[in-house]
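Enquirer: I would like to see how this sequence folds:
(6 chains)
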Amino acid sequence: MKFAIAVFSSPDQPSNRRALRFAEALLAAGHTLERLFFYQAGVHSASAHVVSPQDELDLPKAWLQLIQQHQLDAVVCIAAALKRGQLNAEEAQRYARSGHSIDAPWELSGLGQLHEAAQSADRLICFAGP
Amino acid sequence: MKFAIAVFSSPDQPSNRRALRFAEALLAAGHTLERLFFYQAGVHSASAHVVSPQDELDLPKAWLQLIQQHQLDAVVCIAAALKRGQLNAEEAQRYARSGHSIDAPWELSGLGQLHEAAQSADRLICFAGP
Amino acid sequence: MMSKAILLVSRHAPTDGSSARELLDIALAGGAFDLPISLLLLDDGVLQLAPHDFSLLQQKNLSANLQALALFGVEQIYAAERSLCERGLNTLNSTLPVQRLDDAAVSQLYRQHDVVITL
Amino acid sequence: MMSKAILLVSRHAPTDGSSARELLDIALAGGAFDLPISLLLLDDGVLQLAPHDFSLLQQKNLSANLQALALFGVEQIYAAERSLCERGLNTLNSTLPVQRLDDAAVSQLYRQHDVVITL
Amino acid sequence: MSTTLHILSHSPFSDLRLSSCLRVLNADDALLLCGDAVLALQADTAHSAALELMPDSIGLFVLAEDLAARSFIDTVPARIRIVDYQAFVDLTLAFDKVNSWT
Amino acid sequence: MSTTLHILSHSPFSDLRLSSCLRVLNADDALLLCGDAVLALQADTAHSAALELMPDSIGLFVLAEDLAARSFIDTVPARIRIVDYQAFVDLTLAFDKVNSWT
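Expert: Presented below is the predicted three-dimensional model:
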């Protein structure tokens, strides 16, 4: 079956890790993960600047590994990311910011991508809160 | 009188703006603001990468202006900032990150600065939540 | 293929951070794609129907976004009667055309949609 | 000059994001500076006294931080009796030396401190 | 008519989502407790009593790791089914849609 | 003995801080409502009734802009005092310490 996952919580919330484990489980079962969509504080998951304490799970790194390993489509809502200071190189240049924190394969795009995923996947599963 | 303000909420929470207005009001009344201390999601207030929508209040910019205008001591908890991906140039270099989002006059330091402020100020006011 | 019907459930007050606004943004985007979108105001979400002066909080006028829904083809707007009553808003006169639903009708609304997103 | 007595109030479960841990970090930092620190576990904060297996959630063991408080000179640890009872934890045997306080004693605790930080 | 798997993750002792959720459940819906919502299973509390009163037709599930991590919860009502992540995936396919009480 | 100004900002309809706070208030403490905690003043609700029952010795305050922004709240009980930011600053100095229910 085809799944889409939406993440609304930051990496320090338990639901962010739960989304990762759910994604791993559905892939292990042979299902398809059509899209990961990051919205609200979930956009912080894409930050390459997070430095997790050595003895704690590094969720941005774990997401990146999962995305690379399975060549997943990982979309960060551009409006949500801009207002939370998570920019890619293109947006950093557009808004004259000195640096950026989001790199490929993460992609910045609009809410249409969430709707497209909701329409085409068999199930959309949202993760947010604690 | 001498005040210290601690901010635990991100700029998209109403309490973050309330902290700013409170700081302005106490300065207008002739009191001293000994220290601003940013902890938990409050560390995002220091980000130079936030791009606020044009018709919305730009809180990171408003904080920066207040800090510069009154030459305030603005401390961001270093441990809270690292795990939330808000680094200054020194930390970005230490952890081999390609960019950083916190510049002077913002300062990264430890929780001892919160305790010092709590001891020396006449009042510590914390702002968090909605 | 027919589009899936989407129920968006908004549970936050318009003054409680960006959740109410970010849910309306999902609704407007869906409307722009001509998707069948319904909006349910539940719990503190019903406060979005009550008059506010957002400028005092230097906040954008969220009512304008609610009013814009119709322009984007989002015309199914519901509010939970119980949530309104709990908040002393049962006599509220909303300028927005909103259908008030009792508990059973709220449950029914979940049954009638193919996708739910709650914020 | 005598140091101000600080009351730290922890209201979050140990599994509810980073609030419980970040409050304990404030306590440990205060202890390291030899400040007079008291810790009150209130509401869901009392769950920090209940046994957990944090490794299942790939989380650091928060009990270790609680146990470390004494090493940092933080020995005044209190828990609200009412919060324990509400959560079915009234018969809990904590390995940590914790004083249980009824409502009146909790109120009194606020009176006895010069600074309060709640997380 | 479309069934729903509802997911809760907030502590019922600090948040009111559980009671709001219990009101909207239809007879053929289900509820999965994860995160601190698992605390609703703690014996001798108002929340576990409310769950026991739910109609039998409503499936009640708990995420295995969240239950096991809270090792002080020693017994759960017989009607509660414990699901690991693999069973969680299957569960989302056993209902027409999933609603997370974010 | 040290007095406390307690500050609440969560909606009492979605969060349980208000009842927890009312229990710890001492007779010479005060409570300032700001943000969505202002909703506790809405007439004919359980929360406004609970506030009216507080002992007279406990000062009840509301932040002016948060009350005015919620223009549907048309009357507030006589004992509630409305404070702007300047008065908020003075209020924090009228008590020995401030506790924000973060």
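Enquirer: Let me know whether residue A:68 touches residue A:106 as I believe.
Expert: No - in this structure residue A:68 lies outside contact range of residue A:106 using CB atoms under 8 Å: 10.5 Å. (C-beta placed from N, C-alpha, C; glycine too.)
Enquirer: Of these two, which one has the most company?
Expert: Neighbour tally, residue A:68 and residue A:106, criterion other CB atoms under 10 Å in any protein chain shown: the higher count belongs to residue A:106, 24 against 11.
Enquirer: List the residues that contact the more buried one.
Expert: Residue A:106 sits next to A:46, A:64, A:67, A:74, A:76, A:88 when contact means CB atoms under 8 Å, 6 or more residues apart in numbering or on different chains.
Enquirer: Equivalent analysis for residue A:67, please.
Expert: Residue A:67 touches A:36, A:74, A:105, A:106, counting by CB under 8 Å, 6+ apart.
Enquirer: For the least confident helix or strand in chain C by mean pLDDT, buried residues please.
Expert: Counting by mean pLDDT, DSSP states H and E, the weakest-scoring helix or strand in chain C turns out to be helix C:62-71, with a mean of 91. Residues C:62, C:63, C:65, C:66, C:69 are the ones in helix C:62-71 that count as buried (16 or more other CB atoms under 10 Å in any protein chain shown).
Enquirer: likewise stretch A:50-68?
Expert: A:50, A:51, A:52, A:57, A:58, A:59, A:60, A:62, A:63, A:64, A:66, A:67.
Enquirer: One more: stretch A:14-30?
Expert: A:14-27.
Enquirer: go on, stretch A:75-82?
Expert: Using 16+ other CB under 10 Å as the test for burial, stretch A:75-82 gives A:75, A:76, A:77, A:78, A:79, A:80, A:81, A:82.
Enquirer: Helices - which of those residues land there?
Expert: When these are checked against helices (DSSP state H), the matches are A:78, A:79, A:80, A:81, A:82.
Enquirer: Could you verify my assumption that the first one touches residue A:110?
Expert: Yes - using CB under 8 Å, residue A:78 is in contact with residue A:110, at 6.1 Å.
Enquirer: For residue A:32, list each beta-bridge partner.
Expert: Beta-bridge partners recorded for residue A:32 (DSSP bridges): residue A:2.
Enquirer: All the strands of the chain, in order from the start?
Expert: By default, I'm working from chain A. Along chain A, counting by DSSP state E, strands occupy A:2-7, A:32-38, A:74-77, A:107-109, A:123-127.
Enquirer: not what I meant, chain C
Expert: C:6-10, C:37-41, C:76-80, C:99-101, C:115-118.
Enquirer: Now do the third one: which elements does it pack against?
Expert: Under the contact definition 3 or more CB pairs under 8 Å, 6 or more residues apart in numbering or on different chains; DSSP states H and E, strand C:76-80 sits against strand C:37-41, strand C:99-101, helix C:103-111.
Enquirer: check contacts around the residue of chain A found nearest chain E.
Expert: Closest approach between chain A and chain E, counting by CB to the nearest CB: residue A:128, at 3.2 Å. Contacts for residue A:128 (CB under 8 Å, 6+ apart) come out as A:7, A:8, A:9, A:13, A:15, A:40, A:42, C:119, E:100, E:102.
Enquirer: for chain B, what are the nearby residues on chain C?
Expert: With CB under 8 Å from any CB of the partner chain as the criterion, chain C comes near chain B at residues C:15, C:16, C:17, C:18, C:57, C:58, C:59, C:60.
Enquirer: Name the nearest of those relative to residue C:8.
Expert: Checking the residues of chain C next to chain B against residue C:8 by CB to CB gives residue C:18 as the nearest, at 15.2 Å.
Enquirer: For the closest one, give me its contacts.
Expert: Contacts for residue C:18 (CB under 8 Å, 6+ apart) come out as A:40, A:83, B:12.
Enquirer: Verify the stated contact: the last one with residue A:83.
Expert: Translated: residue B:12. Yes - assessed by CB under 8 Å, residue B:12 is found in contact with residue A:83 at 6.8 Å.
Enquirer: In chain E, what helix or strand scores lowest on average pLDDT?
Expert: Going by mean pLDDT, DSSP H and E, chain E bottoms out at helix E:46-52, a mean of 92.
Enquirer: The biggest helix by length in chain C near chain A anywhere?
Expert: Taking DSSP H as the criterion, chain C has its longest helix at helix C:19-32. Yes - under the criterion of CB under 8 Å from any CB, chain A is reached by helix C:19-32 at C:19, C:22, C:25, C:26, C:29, C:30, C:32.
Enquirer: any idea how far residue B:79 is from the second one?
Expert: In this case it means residue C:22. To residue B:79, residue C:22 is 29 Å away according to CB to CB, to the nearest Å.
Enquirer: now residue C:112
Expert: Distance, residue C:112 to residue B:79, using CB to CB: 48 Å.
Enquirer: Same check on residue C:44?
Expert: Counting by CB to CB, the gap from residue C:44 to residue B:79 is 33 Å.
Enquirer: do the same with residue E:56
Expert: Counting by CB to CB - residue E:56 and residue B:79 are separated by 49 Å.
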